[in-house]
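>>> Here's a sequence, model it:
(chains A, B and C)
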Amino acid sequence: MSSKGAVICWFRRDLRLRDNPALTRACALASVENLRIIPLFILDDGDAGDFATGGASRWWLHHSLVSLRDNLNGQLLLRSGAAKQALSALTEELDVRAIFWNRCYEPWQIARDTELKTHFKSSGIDVQSFQASLLWEPWDIKNKQGSAYKVFTPYYRKGCLLSKQPRLPKAAPDLSDCALPEGLKQNTIDELGLLPSIPWYEQMQNEWQPGEQGASDRLTQYIESAAFAYRDQRNIPSVVGTSRLSPSLHYGELSPNQVWYAVKHAFEGREDDKHLDTYLSELGWREFSYYLLYHFPHIPSDSFNAKFDVFKWENAPEKLRAWQTGNTGIPIIDAGMRELWQTGYMHNRVRMVVGSFLVKNLRCDWRLGEAWFRDCLLDADLAANVASWQWVAGSGADAAPYFRIFNPVLQGEKFDSDGEYVKKYCPELAEVPKKFIHKPWEAPSDILKDAGVWLGTDYPHPIVDLKESREAALDAYEVVKAASNA
DNA sequence: TGAAATGTTGGGGCG
DNA sequence: ACGCCCCAACATTTC
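Predicted structure coming up:
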């Protein structure tokens, strides 16, 4: 056992040095009490149960850990297995005086962390958790009746904005003295097995830069190139009009506080801040998702609105498969699903459109969509994913009403008017004229022939009729309406 | 952060 | 000049 006492900073969804309250406090304690600081990451593949994140997110984690380790000059201790065992083993190997971490909010993380806190405190270890991933703690925001808000606007405007200002970001602590004890056994990043055996991630590699520096660069890029046109450009999927920070926020390569204040700062002295307010409210939606998950922990598996339990899903496997693989025959849907598959990302506007299509036109259970997104998205964030799917399905808190059904043709024509986005991910439609790019099945056969498209061969016929499936969805919804009126 | 159906209005063609 | 019709444009209602 190393003679020097140790303070563990347990990294989880906070893979950064800047604005990291647990790390800052661990460093402060280490300096006052002459302790050794142990930056630790534990990979526990079983912790999330049925809600484990998929391959894309694991690819991101791999590279984010590489970045964190490099920023720590290699001094990042890696272990795998259940957190309790890994931490207990460390208390055997080292004279652990304190364990600090930043809070996570998924139900099993809360349960695990609560147990760990009790367990290690009873052994005389100083265990502390900190707020780092949310601007407002879910338990601090309550309505006048003292219960949880269920509607976004009052939650955000009255609950969040009128309560205390988010914490100002902290600088990175000085870690120049940080050195792991000699001979401590540990895994390499490769041994964690986060990368798939088949290298399907090559295109992701070209588009994304995981890690704290990449996150910071992307934030800067957003402020320089898109922030002042956000409200107008954010809905255009062929344009980089959004900040695309979701994967970084998921793993905490930067904090929402850093984003909040950086963007606000960029708007200082400007009169028109509609772009700022719209952007900040999107961070508000992220908060709201975590808030809902905290107060209603059953929502990953059950409808928030229990009346939806009577809804009869069709769940046709071949329709689900066509949706997943981007072969529905409806261009904006297929482009979105292919963007997801190829790049690990999908533009938010398109997420809403493909979500509506799966749940309404194909009448597949939102949980099937949620699972697919969780498997494919780099930003696979349980809270946001679940809240958004329930929103689009109509079963969620402050959800879109069920009858609000997107028409993918109109959405395409409205937000991808030149078909640029569709053509990027459905190159077989590149020569189809603008007039028919979102509805090739309506094009006269000579026009399709000139475009080199033979429907059913080069590109699928639509798997459903949009008008009929819309009406069928509304009919199916009658059951829910009848049940809720009863 | 919807779309379709239905209702209303007003301009222009035309007998 | 007038009434009538048509229909686009816009507003409201409904799902």
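>>> Excluding covalently adjacent residues, which one is nearest to A:Ser469?
Spatial nearest neighbour of A:Ser469, excluding adjacent residues (C-beta to C-beta, 6 or more residues apart in numbering): A:Asn361 at 4.1 Å. C-betas here are computed from N, CA, C, even on glycine.
>>> tally of neighbours for that neighbour?
If you count neighbours by other C-beta atoms under 10 Å, A:Asn361 ends up with 28.
>>> Quick check: pLDDT value at it.
pLDDT for A:Asn361: 98.
>>> same thing with A:Ser2?
pLDDT, A:Ser2: 50.
>>> where are the low-confidence patches of chain A?
Of all residues in chain A, those with pLDDT under 70 make up the ranges A:1-2, A:486.
>>> which bits of it sit near DNA strand B?
Contact residues, chain A versus DNA strand B (C-beta under 7 Å from any atom of the strand): A:152, A:282, A:285, A:348-349, A:352, A:400-401, A:403-407, A:410-411, A:414, A:467, A:470.
>>> May I see the buried residues of the helix or strand containing A:Ser64?
Assigned by DSSP states H and E, A:Ser64 belongs to helix A:55-71. Going by neighbour count (16 or more other C-beta atoms under 10 Å), the buried part of helix A:55-71 is A:55-69, A:71.
>>> for stretch A:142-158, same thing?
Neighbour counts over stretch A:142-158 (16+ other C-beta under 10 Å) mark A:148-150, A:152, A:155-156 as buried.
>>> ok, of those residues, which one's closest to DNA strand B?
Ranked by distance to DNA strand B (C-beta to the nearest atom of the strand), the buried residues of stretch A:142-158 are led by A:Phe152 at 6.3 Å.
>>> list the contacts for the residue lying closest to A:Gln75 once chain neighbours are set aside?
The shortest distance from A:Gln75 to any non-neighbouring residue, by C-beta to C-beta, 6+ apart, is to A:Cys178 (4.8 Å). Going by C-beta atoms under 8 Å, 6 or more residues apart in numbering, A:Cys178 touches A:37, A:39, A:72-73, A:75.
>>> now, among the residues you listed, which is nearest to DNA strand C?
A:Pro39 (53.2 Å).
>>> quick one, helices of the stretch 1-150 of chain A?
A:21-33, A:55-71, A:83-93, A:107-122 (DSSP state H, counting those that start in this stretch).
>>> any idea which of these is most buried?
Counting by mean count of other C-beta atoms under 10 Å, helix A:55-71 has the highest mean neighbour count of the helices of the stretch 1-150 of chain A, with a mean of 21.
>>> what helices or strands is that one leaning on?
Applying 3 or more C-beta pairs under 8 Å, 6 or more residues apart in numbering; DSSP states H and E, we find helix A:55-71 packed against strand A:36-43, helix A:212-225, helix A:246-250, helix A:366-376.
>>> so what does the first one touch, helix or strand wise?
Meaning strand A:36-43. strand A:5-11, helix A:21-33, helix A:55-71, strand A:77-80, helix A:83-93.
>>> sorry, back to before: nearest to DNA strand C, of the buried residues of stretch A:142-158?
A:Phe152 (18.9 Å).
>>> which residue sits closest to the residue of the stretch 201-350 of chain A found nearest DNA strand C, ignoring its sequence neighbours?
Among all residues of the stretch 201-350 of chain A, A:Phe311 sits closest to DNA strand C, at 14.8 Å; criterion: C-beta to the nearest atom of the strand. Nearest non-adjacent residue to A:Phe311, counting by C-beta to C-beta, 6+ apart: A:Val480, 5.3 Å away.
>>> Likewise for A:Gln109?
Nearest non-adjacent residue to A:Gln109 (C-beta to C-beta, 6+ apart): A:Asp47, at 7.3 Å.
>>> Tell me how many other residues surround the one you found.
A total of 17 residues lie near A:Asp47 under the criterion other C-beta under 10 Å.
>>> surely it meets A:Ile110?
No - using C-beta atoms under 8 Å as the test, A:Asp47 is too far from A:Ile110 to be in contact (11.7 Å).
>>> Name the surrounding residues that touch the helix or strand encompassing A:Ser469.
A:Ser469 belongs to helix A:466-485 when elements are defined using DSSP H and E. The set of residues external to helix A:466-485 that reach it, using C-beta under 8 Å, 6+ apart, is A:307-308, A:310-312, A:330, A:360-363, A:394, A:402-403, A:405, A:407-409.
>>> 6 Å instead, please
Helix A:466-485 is touched from outside by A:307-308, A:310-312, A:360-361, A:402, A:405, with contacts defined as C-beta atoms under 6 Å, 6 or more residues apart in numbering.
>>> in the stretch 351-486 of chain A, which spans are helices?
A:366-376, A:382-393, A:408-415, A:420-425, A:445-450, A:466-485.
>>> could I get the longest one in CSV with only the CA atoms?
Spelled out, it's helix A:466-485. Output of helix A:466-485 as CSV, limited to C-alpha atoms (Å, rounded to 0.1, in the frame of the first residue of the first chain):
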residue,chain,number,x,y,z
LEU,A,466,-49.2,8.9,-46.2
LYS,A,467,-52.8,9.9,-46.3
GLU,A,468,-54.2,6.5,-45.5
SER,A,469,-51.7,5.8,-42.7
ARG,A,470,-52.4,9.2,-41.2
GLU,A,471,-56.1,8.4,-41.0
ALA,A,472,-55.4,5.0,-39.6
ALA,A,473,-53.3,6.5,-36.9
LEU,A,474,-56.1,8.9,-36.0
ASP,A,475,-58.6,6.0,-35.9
ALA,A,476,-56.2,4.0,-33.6
TYR,A,477,-56.0,7.0,-31.3
GLU,A,478,-59.7,6.9,-30.8
VAL,A,479,-59.2,4.0,-28.4
VAL,A,480,-57.0,6.2,-26.2
LYS,A,481,-59.5,9.1,-26.3
ALA,A,482,-62.4,6.8,-25.4
ALA,A,483,-60.4,5.3,-22.5
SER,A,484,-59.5,8.7,-21.2
ASN,A,485,-63.0,10.0,-21.4
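>>> Which residues belonging to it are considered buried?
For helix A:466-485, the neighbour count (16+ other C-beta under 10 Å) marks A:466, A:469-470, A:472-473, A:476-477, A:480 as buried.
>>> now swap in the fourth one and tell me
Using 16+ other C-beta under 10 Å as the test for burial, helix A:420-425 gives A:421-423, A:425.
>>> circling back to that earlier point, could you dump the helices of the stretch 351-486 of chain A to CSV with distance to A:Gln213?
Shown next, in CSV, are the helices of the stretch 351-486 of chain A (distance: least, C-beta to C-beta, whole Å):
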stretch, distance to A:Gln213
helix A:366-376, 25
helix A:382-393, 24
helix A:408-415, 32
helix A:420-425, 28
helix A:445-450, 47
helix A:466-485, 45
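>>> between these, which gets nearest to A:His295?
With C-beta to C-beta as the criterion, A:His295 lies closest to helix A:382-393 of those, at 11.4 Å.
>>> that older thread, out of the contacts of helix A:466-485, which is nearest to A:Tyr294?
A:Phe308 (21.1 Å).
>>> And for that closest one, nearest residue in space, chain neighbours not counted?
A:Phe308 sits nearest to A:Ser395 (C-beta to C-beta, 6+ apart), 3.9 Å away.
>>> which ones are touching that neighbour?
Residues in contact with A:Ser395 (C-beta under 6 Å, 6+ apart) are A:303-305, A:308.
>>> could you check the distance from it over to A:Trp313?
From A:Ser395 across to A:Trp313, the span is 11 Å (C-beta to C-beta, to the nearest Å).
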